[in-house]
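Chemist: No sequence on hand, only this structure:
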DNA sequence: CAAATGTCGAATGTCGACATTTATGGAGGA
DNA sequence: TCCTCCATAAATGTCGACATTCGACATTTG
């Protein structure tokens, strides 16, 4: 058995699941005892999982009080997307090797898939295609340190906000925006690539943040 | 009491202290029982502290085996410094407000202080001045998300490698390198600032990594 | 003699219980 | 009616103990 699955991992998965299906929403209290009871384990592994999620930025934690699902302010939302644009843009611009023809083809197909999914109103497929699109790009970096940071941030934003960004643009716009990014990437001008992705995420960040200015 | 000091915090401080004074070195095993015994607490808070340090990247962890002080490969060292240059450069270039005259003055004095400390062979003062120099720069960002990432990375590199970088350059070079960075920052060309800091850390990263190619 | 195997000690993984702190809700008084 | 205070309940913080797993050494076998 290569990767031994310990209890804390299960708990983390469980909480992520609750976040995904909306049973846990930003601001909700996360009670260790409840998680422990639900999963039939003691609080020790649950505490580890919770502390892990706190480290990931998915939960906010205050000693003696407990933890709640992270509730980012509009500014924090923007900041997070800015940071992601910075990291992803650099990762892509910095990854040395060329794209194979099949890799380019795949990425272009993902743009089409996004448009089709959006047109069909299949948010899940759209979001999944988007995630794959971006991961195929930033995943090319050989800088594992960078990759880890990107994935942490990506996962956090995905779990907290994935519900929303499907509705910001028309199917056409979604395809065009991502095709434009691809054009920058394939042309290979580092600085332009970085600027492009920064802008891409700044815009998304502002749109998401606008939903939380109540 | 604003910030309640819990046991795990003490343990984290303790481990960081051991890293600072060299009693813990990369690759050393970190035993929960020993830490618990040394600090007179049970293993529960120790485990939390260890998991926290794992999240910070200071410890490597393998289930059922335990954790060791992170032992970065030369490539990982370079990657980490590249990431830091990326984050710090952007944070500085992106921070909007101008420098006050006193702020500029303070930064220039830190350059001088670094030179003097290096000339005196006072590594501790040199390292401290360097840390303050960089923190005064990147700390100007209002992007808390970014700041958190920078400080995590900064702290990690500091604790793992602070012993070395004092010896890479002559006192003159140290002062000149940092004065050059200041010049870029004060002139305010965003892209040049980012490039400058990236280069600064790439060079440092390669020098540190070279020490670990045994 | 080398390699595989069995055994033992030690460290981690998990548990249940207790101590401490916080939040809640009601009783009492202004 | 509203505020204050206190009592109660519930959640977190910590502890000690047990179960399980890993690593190392001694032993056996080819």
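Modeler: Cool, got the structure. Source: prediction; values computed, not measured.
Chemist: in chain A, what residue is nearest chain B?
Modeler: For chain A and chain B, the shortest gap (Cβ to the nearest Cβ) falls at residue A:55, measuring 3.6 Å. (Each C-beta comes from the backbone N, C-alpha and C, glycine too.)
Chemist: pLDDT value on the residue nearest in space to the middle of chain A, please?
Modeler: When Cα atoms, centre = their mean is applied to chain A, the residue found nearest the centroid is residue A:154 (2.8 Å). Model confidence at residue A:154, expressed as pLDDT, equals 97.
Chemist: same thing with residue A:91?
Modeler: Per-residue confidence for residue A:91 comes out at a pLDDT of 98.
Chemist: Counting neighbours, what do you get for the residue lying closest to residue A:119 once chain neighbours are set aside?
Modeler: Closest residue to residue A:119 apart from its sequence neighbours, by Cβ to Cβ, 6 or more residues apart in numbering or on different chains: residue A:171 at 4.3 Å. For residue A:171, the number of neighbouring residues by other Cβ atoms under 10 Å in any protein chain shown comes to 16.
Chemist: Spit out the contact partners of the residue nearest to the centre of chain A.
Modeler: By Cβ atoms under 8 Å, 6 or more residues apart in numbering or on different chains, the residues touching residue A:154 are A:84, A:88, A:131, A:134, A:135.
Chemist: ok, the third one touching residue A:158?
Modeler: This means residue A:131. Yes: between residue A:131 and residue A:158 there is a contact at 6.7 Å, judged by Cβ atoms under 8 Å.
Chemist: Pick out whichever of those two has more residues nearby.
Modeler: More crowded of residue A:131 and residue A:158, by other Cβ under 10 Å: residue A:158, with 18 against 15.
Chemist: what's the helix or strand for the more buried one?
Modeler: Taking DSSP states H and E as the criterion, residue A:158 maps to helix A:144-161.
Chemist: go on, residue A:36?
Modeler: Counting by DSSP H and E, the element that carries residue A:36 is helix A:32-39.
Chemist: which other residues reach that helix?
Modeler: For helix A:32-39, the surrounding residues in contact (Cβ under 8 Å, 6+ apart) are A:7, A:10, A:11, A:14, A:15, A:42, A:43, A:46, A:47, A:49, A:50, A:66.
Chemist: Those residues also near DNA strand D: which ones?
Modeler: The subset of these within reach of DNA strand D, by Cβ under 7 Å from any atom of the strand, is A:43, A:47, A:66.
Chemist: Among those residues, name the ones in strands.
Modeler: Using DSSP state E, the members of those that fall in strands are residue A:66.
Chemist: buried subset of the ones next to DNA strand D among the contacts of helix A:32-39?
Modeler: With neighbours counted using 16 or more other Cβ atoms under 10 Å in any protein chain shown, these contain these buried positions: residue A:47.
Chemist: mind giving me TSV with the ones next to DNA strand D among the contacts of helix A:32-39 and columns for pLDDT?
Modeler: Formatted as TSV, these follow (pLDDT from 0 to 100):
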residue	pLDDT
A:43	96
A:47	96
A:66	94
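Chemist: Please flag which of the contacts of residue A:154 sit within helices.
Modeler: In helices, defined here by DSSP state H, the members of these are A:84, A:88, A:131, A:134, A:135.
Chemist: Quick check: the second one touching residue A:134?
Modeler: Yes: under the criterion of Cβ under 8 Å, residue A:88 is in contact with residue A:134, at a separation of 6.6 Å.
Chemist: Which SSE is immediately downstream of the helix holding residue A:158?
Modeler: Scanning forward in sequence from helix A:144-161 by DSSP H and E, the next helix or strand is helix A:171-187.
Chemist: what packs against the helix or strand that that next one is followed by?
Modeler: The helix or strand immediately downstream of helix A:171-187 is helix A:190-211, counting by DSSP H and E. Helix A:190-211 makes packing contacts with helix A:74-94, helix A:171-187 when contacts are defined by 3 or more Cβ pairs under 8 Å, 6 or more residues apart in numbering or on different chains; DSSP states H and E.
Chemist: who wins for proximity to residue B:200 among those?
Modeler: Distance to residue B:200, taken as Cβ to Cβ, is lowest for helix A:74-94 among those, at 15.6 Å.
Chemist: So the closest one, near chain B or not?
Modeler: Yes: contact of helix A:74-94 with chain B is found when judged by Cβ under 8 Å from any Cβ of the partner chain, involving A:76, A:79, A:80, A:82, A:83, A:86, A:87, A:90, A:94.
Chemist: now stretch A:65-73
Modeler: No: Stretch A:65-73 is not in contact with chain B by Cβ under 8 Å from any Cβ; minimum separation 8.8 Å.
Chemist: Whether that stretch contacts DNA strand C - can you check?
Modeler: Yes: remark: stretch A:65-73 sits within contact range of DNA strand C at residue A:65, by Cβ under 7 Å from any atom of the strand.
Chemist: now chain A, which segments are flagged as low pLDDT?
Modeler: Counting by pLDDT under 70, the low-confidence segments of chain A come to A:1-5.
Chemist: at 50 instead, please
Modeler: Along chain A, the model assigns pLDDT under 50 to residues A:1-3.
Chemist: Out of the helices and strands packed on helix A:190-211, which one sits most buried?
Modeler: Per-stretch averages of neighbours, counted by mean count of other Cβ atoms under 10 Å in any protein chain shown, single out helix A:74-94 among the helices and strands packed on helix A:190-211, with a mean of 24.
Chemist: If you count contacts, what does it end up packed against?
Modeler: Looks like helix A:74-94 contacts helix A:123-138, helix A:144-161, helix A:190-211, helix B:74-94, helix B:144-161 (3+ Cβ pairs under 8 Å, 6+ apart).
Chemist: swap the cut-off to 10 Å and go again
Modeler: Helix A:74-94 is packed against helix A:123-138, helix A:144-161, helix A:171-187, helix A:190-211, helix B:74-94, helix B:144-161, helix B:190-211, with contacts defined by 3 or more Cβ pairs under 10 Å, 6 or more residues apart in numbering or on different chains; DSSP states H and E.
Chemist: buried stuff in the fourth one?
Modeler: When you say that, I think you mean helix A:190-211. By 16+ other Cβ under 10 Å, the buried positions in helix A:190-211 come out as A:193-198, A:200-202, A:204-205, A:207-209.
Chemist: between that helix and helix B:190-211, how many degrees?
Modeler: For helix A:190-211 and helix B:190-211, the angle between their directions (axes from the mean of the first three to the mean of the last three Cα atoms, to 10 degrees) works out to 110 degrees.
Chemist: and helix A:190-211, how far out from the chain's middle?
Modeler: A distance of 14 Å separates the centroid of the chain from that of helix A:190-211, by Cα atoms, centre = their mean, to the nearest Å.
Chemist: Around DNA strand D, pick out the residues from chain A.
Modeler: Counting by Cβ under 7 Å from any atom of the strand, the residues of chain A lying close to DNA strand D are A:4, A:30-34, A:43-44, A:47, A:63-67.
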